[in-house]
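**Q** Using only what follows, build the 3D model:
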Amino acid sequence: MFITRHSNLGLCHVVFHLCSDKKSAAADQSLATLLQGLKNIMALAAQFDVTTLTVPLLLIDEESRHVLSESQYIRRAETVIKSIRAFLTERLSSNDNALRTIQFSLIQQASELLPDMRRLFESHSSIHHHSN
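**A** Next up is the predicted model:
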């Protein structure tokens, strides 16, 4: 992982780059490593008062899209959502208010799975925190 700072990108000032080996993009072990990297990114974001993160839902890029089947897309998306939810639940219990919004992006190849992805989000959307 490495971080770059930008002043010429509209609403984006900091970019967290999470790198992996494209050849093993679909492997469960690779996903576990990426999820640990994502957890580290979210911890850094919270530590430095980043309030919004945009995360590629499948943690793969367009060039790696051919390595996953439709069922793997869904399973991988659910794993990523569960991991983020666990991290946020842990952080919310410690009254850390820095990270407030997580947006997800989806590669074009998976766009036909939007109805399935919507159901996934609805089933995992119970994280709410209200400040007093």
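**Q** can you pull the contacts of the residue nearest the centre of the chain?
**A** Nearest residue to the geometric centre of the chain (CA atoms, centre = their mean): residue 55, 3.7 Å. Neighbour list for residue 55: 38, 80, 84, 102, 103, 104, 105 [criterion: CB atoms under 8 Å, 6 or more residues apart in numbering]. C-beta here means a position set from N, CA and C on the backbone, and glycine is covered the same way.
**Q** residues of the longest helix anywhere in the chain that come out buried?
**A** Longest helix of the chain, by residue count under DSSP state H: helix 70-93. For helix 70-93, the neighbour count (16 or more other CB atoms under 10 Å) marks 73-74, 76-81, 83-84, 87-88, 91 as buried.
**Q** Wait, a strand at residue 46?
**A** No: under DSSP: H, G, I helix; E, B strand; the rest coil, residue 46 sits outside any strand and is assigned helix.
**Q** neighbours around it, how many?
**A** 20 (other CB atoms under 10 Å).
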